[in-house]
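Engineer: Return a 3D structure for these sequence lines:
(one chain, ligands or ions: 1)
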Amino acid sequence: MRHPLSLVLLCLAVGGSVGCQSGGSMNSTSVEVETWGELDGDRVQRFTLRNGNGMEVDLSDYGAMVTRVQVVDRNGRAVDVVLGFDSIAEYPEKSQYFGCTVGRVGNRIAGDGFDLDGQSYQLAINNGPNHLHGGERGFDKYVWKSTEILTSRGPGVRFTRTSPAGEEGYPGTLEAQATYILTEEDELVIQMSATTDAATPCNIVHHTYWNLGGHGSGTVLDEMLEIDADRYTPVDATFIPTGELASVDGTPLDFRNGKTIGSDFGAFPGNGDDPGGFDHNLCLNGEVGVLREVATLSDSKTGIVMTISTDQPGIQFYTGNFLNGMTGKGGAEYQKNGALCLETQAFPDSIHHQGEPGWPDVVLKPENTYGHVMVHRFSTEGIATSESE
Ligand code: BGC
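Structural biologist: Purely as a prediction, here's the structure:
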């Protein structure tokens, strides 16, 4: 039974953790917190959000990340649709940015830096000849501060961290926030924001690996994907955009009418160090800064459907091309293409295209606030099948 959030929310202190529930049912809206382990002497916590419909989300303050999203499938079974590890110790060792908040600048910056306001800034080269996902130790590799929250939309956790001026070569002290809320409408809402005391590039990105058939259930090539994007940013051999905003018309990147991910997969074969597969930024239709539905993913085995809404200009569609058969939660095997990321963002390497028509402004100034919203809404489609089918 659903408990509307307008019911009085009771917040209870339970054994050092905070649990909040509506209407007295133990299974309804709540936030729970536990110590998960320790990394480099820092305590790492894990949080569980629950709504009244059986949906659950686990988060951690390490990397402000999502480690589990449990959704009820069309047969009433609980399915965990994100990749992750059982122990926190495995994340720094094995994770390829699983579920985390990437920053200060998600995706690539060409070469080893950029110029801003007449000054040159040097960044780490950590991906071929380029800078990737904020550098050697990006936002994903820190324990963030956390606060459990109860909002009118549902339970959540707010993570914050201060990125000092000069961290990974970036200018300005950045105060970053990533807030997760699980709503009674089965939405996982992610709000990212930041302020700075000096101009800096800023593009904070959420990096969950999704498999709506269940994590470890095989590849995502049979999943259906629709993306509302007329254009994409073609890249060179090192995944740096050429500067062109090309039409998706007649290309494998045309997902406007929906198709299975596998249908045009062969267009991107592996080659040397490049494992092949989709790893592209699409330029989303609609007004930047306005929350709009941009992508729908569905799995025919579970009937689970996920729609993504965002206010961002782009989305990185990445088919887990570097997954290598590592062992994940509960012994699951994460094979190549066993999940996909749909990372809303400013276009990769935007800092080298400031002022060019169609390119996003990625410079955050002290007088402004960076904002980025993602809403993942879950539902099911199709007719329930019997156990024997
Ligand atoms: C990038 C890939 C990269 C992956 C790392 C994605 O956001 O687009 O190129 O390999 O992150 O997990």
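Engineer: contacts and neighbour counts: CA atoms only from here.
Structural biologist: Noted.
Engineer: Which residues does stretch 224-237 contact?
Structural biologist: Stretch 224-237 has contacts (C-alpha atoms under 8 Å, 6 or more residues apart in numbering) with 241-249, 253-261, 280-285, 294-299, 347.
Engineer: Buried ones among those residues?
Structural biologist: For the contacts of stretch 224-237, a burial check counting by 16 or more other C-alpha atoms under 10 Å picks out 241, 243, 245, 247-248, 253-256, 259-261, 280-285, 294-299, 347.
Engineer: Now intersect those residues with the strands, please.
Structural biologist: Secondary structure from DSSP state E places 247, 259-260, 280-284, 294-298 of these in strands.
Engineer: Closest one of those residues to the ligand?
Structural biologist: residue 280 (6.8 Å; C-alpha to the nearest ligand atom).
Engineer: Check the gap between that closest one and residue 268 for me.
Structural biologist: Applying C-alpha to C-alpha, to the nearest Å, the value for residue 280 to residue 268 is 11 Å.
Engineer: Pick the one among the ones in strands among the buried ones among the contacts of stretch 224-237 closest to residue 219.
Structural biologist: Nearest to residue 219, judged by C-alpha to C-alpha, of these is residue 260 at 11.8 Å.
Engineer: OK, contacts around the closest one?
Structural biologist: Taking C-alpha under 8 Å, 6+ apart, we find residue 260 in contact with 221-225.
Engineer: Out of those, list just those in strands.
Structural biologist: Mapping these onto strands (DSSP E) picks out 224-225.
Engineer: Could you see whether the ligand lies near stretch 189-204?
Structural biologist: No: judged by C-alpha under 6 Å from any ligand atom, stretch 189-204 and the ligand are separated, with a smallest distance of 11.5 Å.
Engineer: Show me what that stretch is in contact with.
Structural biologist: For stretch 189-204, the surrounding residues in contact (C-alpha under 8 Å, 6+ apart) are 101-106, 116, 170-183, 345-346, 351, 362-366, 368-376.
Engineer: and with 6 Å instead?
Structural biologist: Contact with stretch 189-204 is made by 102-106, 171-181, 362-366, 369-375, as judged by C-alpha atoms under 6 Å, 6 or more residues apart in numbering.
Engineer: Now restrict those to buried residues only.
Structural biologist: Buried among the contacts of stretch 189-204 (16+ other C-alpha under 10 Å): 102-106, 171-181, 362-366, 370-375.
Engineer: Show me which residues of the chain are close to the ligand?
Structural biologist: 96-97, 107, 279, 318.
Engineer: Please repeat the previous calculation with a cut-off of 8 Å.
Structural biologist: Counting by C-alpha under 8 Å from any ligand atom, the residues of the chain close to the ligand are 96-98, 106-108, 132-133, 207, 239, 279-281, 316-318, 320-322, 341, 343.
Engineer: Buried ones only from those, please, as a ChimeraX command.
Structural biologist: A single ChimeraX command selects the buried members of the residues of the chain next to the ligand (16+ other C-alpha under 10 Å):
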select :96,97,98,106,107,108,132,133,207,239,279,280,281,316,317,318,320,321,322,341,343
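Engineer: Identify those among the residues of the chain next to the ligand that sit within strands.
Structural biologist: Among the residues of the chain next to the ligand, the members falling in strands (DSSP E) are 108, 132, 279-281, 316-318, 341, 343.
Engineer: Show me what the residue in the stretch 201-350 of the chain that the ligand sits nearest to is bridged to.
Structural biologist: Nearest to the ligand, among the residues of the stretch 201-350 of the chain, is residue 279, at 5.3 Å (C-alpha to the nearest ligand atom). Beta-bridge partners recorded for residue 279 (DSSP bridges): residue 318.
Engineer: just checking, it touches residue 320?
Structural biologist: No: with contact defined as C-alpha atoms under 6 Å, residue 279 does not count as touching residue 320 (8.5 Å).
Engineer: Contacts only, for the residue lying closest to residue 229 once chain neighbours are set aside.
Structural biologist: The shortest distance from residue 229 to any non-neighbouring residue, by C-alpha to C-alpha, 6 or more residues apart in numbering, is to residue 284 (4.4 Å). If you count contacts by C-alpha under 6 Å, 6+ apart, residue 284 has them with 228-229, 313-314.
Engineer: Give me the ChimeraX select line for the residues you listed, limited to the buried ones.
Structural biologist: Buried subset of the contacts of residue 284, written as a ChimeraX selection, criterion 16+ other C-alpha under 10 Å:
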select :228,229,313,314
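Engineer: can you map out the strands along the stretch 51-200 of the chain?
Structural biologist: For the stretch 51-200 of the chain, applying DSSP state E, counting those that start in this stretch gives strands covering 56-60, 65-72, 78-80, 101-102, 108-109, 113-116, 119-122, 131-132, 145-150, 155-163, 174-182, 187-196, 200-201.
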